[in-house]
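Student: I'd like to go over a predicted model; first the sequence, then the structure.
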Amino acid sequence: MHEWFNTPPRRCLRLLPLLTLLLGLPFAGLLLSRNPVAPYFDFPPTTSFLEHAPFSWAHFLAFGLVDAALLGILLYLAIPNTPPPPLHQESPHWSFPWWGWVGLIGLVIFWILAWSRFSWFTPWQTLTFTPLWIAFILVVNGLTYRRTGTCLLQNRPQFVAALFGGSALFWWYFEYLNRFVQNWYYHGIESFSSFQYVFHSTLAFSTVLPAVLSTYEYLTTFPQLRCRAIIRPFHLPASRTLAWITLLTASGGLFGISLWPDILFPLLWVAPLLMMLSWQHLVQESTLLSDLPRRGWRVVVLPAFAALICGIFWEMWNAYSEAHWVYSLPYVHAFKLFEMPLLGYGGYLPFGLECLVVIDVITQTCGFRPFHPPDHLHTPPISANSPGQKKMNQALFIQAGKRHGTSRY
């Protein structure tokens, strides 16, 4: 029976209860609030109709402490507690690939077009987001290839193609959640028909997961970012009771964002993550945290920082584009960096983990080989007969023996 459920199509069946909760809980909260339902589902969603609480120093400091604590923990976990891997003298021979240059040229061109207002480009002025981010993905993969001789786009093109489709659905879900908290809305799309809005938004949303995963892979190529290793024996709590408590608590938070959006709006980024992790544990699937004992804290730290890096580029390129989003955050709407209030950047940290969890769900559902960054961080190519290579081969052989063939790449 267990094998029957592990086939890719049937894994979808195990997701149905979770998807029902993720979609149904905010709507159930809206029904309980007795607010009119229709305004929440205006389409295209071009206006903001919820009146948010004004700026409050007390709330700003409280939310700021949470952001600072989260960032502090991640920075602490990012500090390596093991000696660096041995460095080799030989220089890398990989050159920046031709398609990386295409991406770099495209990035410059579409950046200029996004922030300019050339009369001849007016019909296409609102359409610069997608090509700009496709160029970004090409450049980041090119940088990874330059450091390691391999990259996501080169090794797993079918997987990346699937990520584009999954990413569109992934971000449409956050657009759905935003209807209940109204934390962002769009300008410059007033002339779009419903079809145009869905089509162009879907193209733009499709770049989110490939961008975050490509940035994550690039960060793993830096030995300085190997993060803290778990040296002592470490086992995650296997309690199903804890998983149920986490699932029920996060579900309550997602239910409550429609009732108390001014207070619970940060749970838009946290509740789905906790629900997905606890659900994976309850159905006995591997989770993002399953690799902690072997790979250390970089499986948590680097995805969070990858999303934050992408977030800075998202906000920067959005700021002066014709079609752009604007924020409306209760209590903390102050000290903006581009359009985003400063404390809003804290949401990118759990969002990075959310991206990795969804990518893991996509791989399991579609039958792809799970994505994991290399265990051995980048070292330049060396001669096959050199002492350094012999030591590396010996270390690989010993490690493979310890794993008993259980490596999941």
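Tutor: That came in fine, so what should we check first?
Student: for this structure, name the helix or strand with the lowest mean pLDDT.
Tutor: When the helices and strands of the chain are scored by mean pLDDT, DSSP states H and E, helix 387-403 comes last with a mean of 43.
Student: secondary structure class of residue 69, three-state.
Tutor: Reduced to three states with DSSP: H, G, I helix; E, B strand; the rest coil, the structure at residue 69 is helix.
Student: just the pLDDT for it.
Tutor: pLDDT for residue 69: 96.
Student: residue 263 too?
Tutor: For residue 263, the model assigns a pLDDT of 93.
Student: same question, residue 130
Tutor: Confidence at residue 130, expressed as pLDDT, is 96.
Student: any stretches of the chain with poor pLDDT?
Tutor: For the chain, the stretches with pLDDT under 70 are 1-10, 46-50, 84-93, 230-238, 373-409.
Student: what separation do you get for the nearest residue to residue 95 once chain neighbours are set aside and residue 310?
Tutor: Using CB to CB, 6 or more residues apart in numbering and skipping the chain neighbours, the partner closest in space to residue 95 is residue 146 (7.1 Å). In this view, the C-beta of every residue, glycine as well, is placed from N, C-alpha and C. Using CB to CB, to the nearest Å, one obtains 19 Å as the distance from residue 146 to residue 310.
Student: more neighbours: which of these two?
Tutor: Set residue 146 next to residue 310 and count neighbours by other CB atoms under 10 Å: residue 310 wins out with 25 against 17.
Student: sticking with the more buried one, tell me its helix or strand.
Tutor: Secondary structure here is read from DSSP states H and E; on that basis residue 310 sits in helix 298-319.
Student: buried residues in that helix?
Tutor: Taking 16 or more other CB atoms under 10 Å as the basis for neighbour counts, the residues of helix 298-319 that come out buried are 298-311, 314-315, 317-318.
Student: after it comes which helix or strand?
Tutor: As assigned by DSSP H and E, the chain's next helix or strand after helix 298-319 is strand 324-327.
Student: ok, and what's touching that next one?
Tutor: Applying CB atoms under 8 Å, 6 or more residues apart in numbering, the set of residues contacting strand 324-327 from outside is 183-188, 318, 333, 339-341, 344.
Student: mind giving me the packing neighbours of the host helix or strand of residue 356?
Tutor: Mapping residue 356 onto the secondary structure by DSSP H and E places it in helix 348-366. Judged by 3 or more CB pairs under 8 Å, 6 or more residues apart in numbering; DSSP states H and E, helix 348-366 is in contact with helix 8-33, helix 57-78, helix 157-181, helix 208-219, helix 267-282, helix 298-319.
Student: the residue nearest to residue 249 when sequence neighbours are not counted: neighbour count?
Tutor: Closest residue to residue 249 in three dimensions, ignoring its sequence neighbours and counting by CB to CB, 6+ apart: residue 274, at 7.5 Å. Neighbouring residues of residue 274 were enumerated by other CB under 10 Å; the total is 22.
Student: can you pull the contacts of residue 274?
Tutor: For residue 274, the contacting residues are 246-247, 249-250, taking CB under 8 Å, 6+ apart as the criterion.
Student: farthest-separated two in those?
Tutor: Spatially, the most separated pair among the contacts of residue 274 is 247 and 249, at 7.4 Å (CB to CB).
Student: who has more neighbours, these two?
Tutor: Neighbours per residue (other CB under 10 Å) separate residue 247 from residue 249, with residue 247 holding more: 20 against 14.
Student: ok, and the closest non-adjacent residue to that one?
Tutor: Using CB to CB, 6+ apart and skipping residues adjacent in sequence, the residue nearest residue 247 is residue 278, 4.1 Å away.
Student: distance check, that neighbour against residue 294.
Tutor: Here the criterion is CB to CB. By it, residue 278 lies 22 Å from residue 294.
Student: please identify which of these two sits among more neighbours.
Tutor: Neighbours per residue (other CB under 10 Å) separate residue 278 from residue 294, with residue 278 holding more: 23 against 18.
Student: wait, residue 102 sits on residue 138?
Tutor: Yes: with the criterion set as CB atoms under 8 Å, residue 102 and residue 138 qualify as a contacting pair; they are 6.5 Å apart.
Student: give me the more crowded residue out of those two.
Tutor: Under the neighbour definition other CB under 10 Å, residue 102 and residue 138 were set side by side, and residue 138 has more, 23 against 14.
Student: element containing the more buried one, please.
Tutor: With secondary structure defined by DSSP H and E, residue 138 is part of helix 129-148.
Student: next secondary structure element downstream of that helix?
Tutor: The C-terminal neighbour of helix 129-148 among helices and strands, as given by DSSP H and E, is helix 152-155.
Student: contacting residues around that next one?
Tutor: Applying CB under 8 Å, 6+ apart, the contact partners of helix 152-155 are 97, 99, 137-138, 141, 144-145, 159-160, 210, 213-214, 217, 371.
Student: do that again at 10 Å, thanks
Tutor: In this structure, residues lying in contact with helix 152-155 by CB atoms under 10 Å, 6 or more residues apart in numbering are 97, 99-100, 103, 137-138, 140-142, 144-145, 159-160, 163, 210, 213-214, 216-218, 371, 373.
Student: can I get it in CSV, CA atoms only?
Tutor: Taking C-alpha atoms only, helix 152-155 is exported to CSV below (Å, rounded to 0.1, in the frame of the first residue of the first chain):
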residue,chain,number,x,y,z
LEU,A,152,20.9,24.0,-12.8
LEU,A,153,20.0,25.1,-16.3
GLN,A,154,22.7,23.0,-17.9
ASN,A,155,22.1,19.8,-15.9
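Student: just how off-centre is it within its chain?
Tutor: Centroid separation between helix 152-155 and its chain, computed with CA atoms, centre = their mean, to the nearest Å, is 18 Å.
Student: how far away is the residue nearest to residue 247 from residue 81?
Tutor: When distances are taken as CB to CB, residue 278 and residue 81 turn out to be 29 Å apart.
Student: that's all I had, so thanks and see you.
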